[in-house]
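J.: Below are the sequence and a predicted model; questions follow.
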Amino acid sequence: MYNPPHFREDRPEILREIMRAARLALLVSAAADGGVPEATHLPLVLDEADGPQGTLYGHVAKANPHWRSLAGGGSARAVFTGPEAYVSPSLYASKQEHGRVVPTWNYVAVHAIGPVEVIEDAARLHAIVSRLTDQREAGRADPWAVNDAPEPFVAGQLKGIVGIALRIETLIGKRKLSQNRSEADRDGVIAGLSASEDARDREAAAAMRGA
């Protein structure tokens, strides 16, 4: 990921916060035959206590060939995205001064890189899906748990998936939030995005305030 110094984010607590907040990750790795890289969209849960920088856990369908290339060893990259928004040149104060402005896109992203373990053990798979479920159900008034389903049914479902554990060795964080612009330009972008009817724009404005 291209990452100029003024957009680079190295604070572990911020990177983990972005990863935890992401609803869906993208897992990318080299193809077993050296062809087009494999990519799978999947939710991942971060275990901060497992390894120096933590371990990401998730699962894919057994019918998904991606896990077979992961089982061959090597590293994978999990991509997490945060707030993002289109930035119109009309939001910059400098547009009125000299007009030398162009559109851009503000965004937040974290890449986690490390070796992957493929998990087929039923007990470990049960633990992974339980953690993922508990994390996503936590905000519900009546949270559902894996153990709410009949045990034979759950056992059958587990046979159709393969677990993934990515032990993080490298974390790359980027928060491209107009840090390279003047204060007046940044204020203009924040005001414009805050006034947008799109909740995603307002979320990006909030991220800019904290950058």
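T.: Arrived safely.
J.: for the residue nearest the centre of the chain, which residues make a bridge with it?
T.: Centroid-nearest residue in the chain: Phe80, 1.6 Å away (criterion: C-alpha atoms, centre = their mean). Phe80 has these beta-bridge partners by DSSP bridges: Val110.
J.: Return the residues in contact with it.
T.: 18-19, 22, 25, 109-112 (C-beta atoms under 8 Å, 6 or more residues apart in numbering). All C-beta atoms are positioned from the backbone trio N, CA, C, and that covers glycine.
J.: where's it relative to Ile18, distance?
T.: 6 Å (C-beta to C-beta, to the nearest Å).
J.: pLDDT at Gly51, what is it?
T.: pLDDT for Gly51: 87.
J.: From Arg11, how far out is it?
T.: Distance from Gly51 to Arg11, by C-beta to C-beta: 19 Å.
J.: More neighbours: these two, which one.
T.: Gly51 (15 against 9; other C-beta atoms under 10 Å).
J.: Might you report the residue contacts of that one?
T.: Neighbours of Gly51 in contact, by C-beta under 8 Å, 6+ apart: 167-168.
J.: count of neighbours near the closest residue to Thr81 other than its chain neighbours?
T.: Among residues not flanking Thr81 along the chain, Ala109 sits closest, at 5.2 Å (C-beta to C-beta, 6 or more residues apart in numbering). Ala109 has 20 neighbouring residues, counting by other C-beta under 10 Å.
J.: For stretch 160-167, buried residues please.
T.: Using 16 or more other C-beta atoms under 10 Å as the test for burial, stretch 160-167 gives 161-167.
J.: For the residues you listed, which two are the farthest from each other?
T.: Ile161 and Arg167 (19.7 Å; C-beta to C-beta).
J.: Just the C-alphas of stretch 156-166, formatted as CSV.
T.: Output in CSV follows, covering the C-alpha atoms of stretch 156-166 (Å, rounded to 0.1, in the frame of the first residue of the first chain):
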residue,chain,number,x,y,z
GLY,A,156,-22.8,-30.6,10.4
GLN,A,157,-22.3,-26.9,9.6
LEU,A,158,-18.8,-27.0,10.9
LYS,A,159,-17.9,-29.7,8.4
GLY,A,160,-18.6,-27.2,5.6
ILE,A,161,-16.0,-24.6,6.7
VAL,A,162,-12.3,-24.3,7.2
GLY,A,163,-10.8,-22.0,9.9
ILE,A,164,-8.2,-19.3,9.2
ALA,A,165,-5.7,-17.9,11.7
LEU,A,166,-3.4,-15.1,10.5
